[in-house]
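Asks: Starting from these lines, generate the structure:
(one chain, ligands or ions: 1)
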Amino acid sequence: MRRLELRAFGAPEVIRLVDDEAPPEPGPGEVRVRVEASSLAFTDTLIRRNLYPVLKLRLPLTPGYDFIGRIDSVGPGVARWRVGDRVADLIQTGGNTTHLVRPAATLVAVPQRLDATRAEPLVLSYLTAHQALFREAEAKRGDQVLVYGATGAVGMAALDLCRAFGLPAVGVASARRERIVNGLGAAFVAYDEPDSAGKLDRLARERKGFRVIIDAARGEALSSVTSRLAPDGRLVVLGFSAPFRDARRNGRQQPGLMARLGFAFDFLRIKWLASRPGTSRRISFYDIVQRRVRRPDDFRDDLTTLFGLLEDGRISPRVQTVFRLDEAVEAHRLIESGRVVGRLVLDLASPIGDGGGGVAYPRAESRKTAATALRDAVRG
Ligand SMILES: NC(=O)c1ccc[n+]([C@@H]2O[C@H](COP(=O)([O-])OP(=O)(O)OC[C@H]3O[C@@H](n4cnc5c(N)ncnc54)[C@H](OP(=O)(O)O)[C@@H]3O)[C@@H](O)[C@H]2O)c1
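Replies: Got it, this is the predicted structure:
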């Protein structure tokens, strides 16, 4: 068994590869999974730095917010699953490993013919986008949608789903991302160009307000964002990428204390506004874990729906690079460089050790391409 381990919080270099432990045995009501793919997402870097809100983290820990794999051992009393079944789960930590033991009851079935590294982004990134759009905001065909953080893992998933379900969308990211956002069928506004707020205001007026706004960045004043909602509009806030981007641009690895206090205050304000009844415009803060605790059936149903959409070719997750366990430090550096478009994925099925720096996706492409991209990213 091989896995990643954090014995301290901090920069990517705190990640260690632990080798040759015996795989754990499943107890009653549990199964053991041979993991095929797991997350390498912005959220995993927050956990590595101990900046992930709410979750009380204890060291040592194995990172990895989710996984897809095959059951290779079934504990006593489990009737639902057999050896060889393919499953996925969202676990917050512990997914970056070749083997893990999970309660049988929480797993979701994954179709046998899906490629695990292509399907893995559905568990965290697509599920977040899907539930924000369709559960929280109750989006319907034809609704006008605005997405902040449009080329991140969640933002791209949201635009992909908008395209699949006939929702006209506008995406906000930095100016260099225009072609990518347009390629997903969405209009584009750059947050780092003059008059970006004016452009968004104009687009909002032309549409009589956005029926749905998904904010994964929190880069603009809340009052400006809400002013662009339609009278019956829904704002779903789900992340804080902008303060991290600002810190990077100022040569820091993470937001300073004042910036962190700023987004903690922003978070509390959103929660307070979300709790106020009586207005037709609604604000909510989406949290994938809390929502799953409240509505476990929605989690299972929505993830099953997403696997079906991928099987049918209706959605197309953008996996920029697939990394192996021994390349995790480079992968975390790449995420923190701000140069990932869409998602990175950890491949647990391939053997490790022949050097490299990530495999450009699809895997048939040369390793050199990814290694070059990585060197540029680390230099940049
Ligand atoms: N609440 C939940 O349940 C949940 C679930 C999953 C993720 N999240 C959170 O959601 C956020 C996004 O996650 P991710 O994985 O998609 O992150 P990511 O891949 O790092 O996405 C960053 C995106 O934000 C954009 N961005 C940065 N500053 C911006 C600004 N001022 N205005 C508009 N866009 C801006 C970036 O554009 P450029 O690259 O062009 O600068 C990029 O498109 C994170 O905070 C993550 O922790 C929350």
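Asks: Please make it C-alpha for all contacts and neighbour counts, starting now.
Replies: Will do.
Asks: quick one: the top helix by length along the chain near the ligand?
Replies: Identified as the longest helix of the chain according to DSSP state H is helix 257-275. No: Helix 257-275 stays clear of the ligand (Cα under 6 Å from any ligand atom), getting no nearer than 10.7 Å.
Asks: what does stretch 45-65 give?
Replies: No: figure legend: stretch 45-65 not in contact with the ligand (Cα under 6 Å from any ligand atom); closest approach 7.1 Å.
Asks: As PDB, could you dump the C-alpha coordinates of that stretch?
Replies: Only the C-alpha atoms of stretch 45-65 are listed here, as PDB (Å, rounded to 0.1, in the frame of the first residue of the first chain):
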ATOM      1  CA  THR A  45      -4.100  22.600  -0.900                       C
ATOM      2  CA  LEU A  46      -6.300  24.500   1.700                       C
ATOM      3  CA  ILE A  47      -6.300  21.300   3.900                       C
ATOM      4  CA  ARG A  48      -2.500  21.000   3.400                       C
ATOM      5  CA  ARG A  49      -2.100  24.500   4.800                       C
ATOM      6  CA  ASN A  50      -4.700  24.000   7.500                       C
ATOM      7  CA  LEU A  51      -6.800  26.900   6.000                       C
ATOM      8  CA  TYR A  52      -9.900  24.800   5.400                       C
ATOM      9  CA  PRO A  53     -12.700  26.300   7.400                       C
ATOM     10  CA  VAL A  54     -14.800  24.300   9.900                       C
ATOM     11  CA  LEU A  55     -12.900  21.000   9.600                       C
ATOM     12  CA  LYS A  56     -10.800  20.300  12.600                       C
ATOM     13  CA  LEU A  57      -7.700  18.600  11.200                       C
ATOM     14  CA  ARG A  58      -5.400  16.300  13.100                       C
ATOM     15  CA  LEU A  59      -1.900  15.200  12.000                       C
ATOM     16  CA  PRO A  60      -0.700  12.900  10.700                       C
ATOM     17  CA  LEU A  61      -3.200  12.800   7.900                       C
ATOM     18  CA  THR A  62      -3.600  11.500   4.300                       C
ATOM     19  CA  PRO A  63      -5.000  14.200   2.000                       C
ATOM     20  CA  GLY A  64      -7.500  13.500  -0.800                       C
ATOM     21  CA  TYR A  65     -11.100  14.800  -0.700                       C
END
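Asks: contacts for that stretch?
Replies: 3-12, 38-40, 43-44, 90-97, 124, 332, 335-336 (Cα atoms under 8 Å, 6 or more residues apart in numbering).
Asks: which secondary structure elements does the longest helix of the chain contact?
Replies: strand 282-285 (3 or more Cα pairs under 8 Å, 6 or more residues apart in numbering; DSSP states H and E).
Asks: Tell me which helix or strand comes right after the strand it packs on.
Replies: helix 288-294 (DSSP states H and E).
Asks: for that following helix, what is the average pLDDT?
Replies: Helix 288-294 shows a mean pLDDT of 97.
Asks: Run through the neighbouring helices and strands of the longest strand belonging to the chain.
Replies: The longest strand of the chain (DSSP state E) is strand 30-40. Using 3+ Cα pairs under 8 Å, 6+ apart as the contact criterion, the elements in contact with strand 30-40 are strand 66-74, strand 99-103, helix 116-119, strand 343-347.
Asks: Buried deepest among those, which one?
Replies: Compared across those, strand 343-347 shows the largest average neighbour count, a mean of 28 (mean count of other Cα atoms under 10 Å).
Asks: and the angle from that one to strand 66-74?
Replies: 20 degrees (axes from the mean of the first three to the mean of the last three Cα atoms, to 10 degrees).
Asks: before we move on, back to that, can you list contacts of the longest helix of the chain?
Replies: Val237, Phe240, Pro243, Arg282, Ile283, Ser284, Phe285.
Asks: Give the buried residues for that helix.
Replies: Buried residues in helix 257-275, counted by 16 or more other Cα atoms under 10 Å: Arg260, Phe263, Asp266, Phe267, Ile270, Lys271.
Asks: For the spatially most central residue of the chain, which non-adjacent residue is closest in space?
Replies: Centroid check for the chain by Cα atoms, centre = their mean gives Ser125 as the closest residue, at 3.3 Å. Leaving aside its sequence neighbours, Ser125 sits nearest to Val154 (Cα to Cα, 6 or more residues apart in numbering; 4.8 Å).
Asks: So is the strand or helix carrying the one you found next to the ligand?
Replies: Using DSSP H and E, Val154 maps to helix 153-165. Yes: on the criterion Cα under 6 Å from any ligand atom, helix 153-165 is in touch with the ligand at Ala153, Val154, Gly155.
Asks: and whatever helix or strand comes next after that helix, anywhere near the ligand?
Replies: Next along the chain after helix 153-165, taking DSSP H and E as the criterion, comes strand 169-173. Yes: judged by Cα under 6 Å from any ligand atom, strand 169-173 and the ligand are in contact via Val172, Ala173.
Asks: give me the low-pLDDT residue ranges for the stretch 101-250 of the chain?
Replies: Within the stretch 101-250 of the chain, no range satisfies pLDDT under 70.
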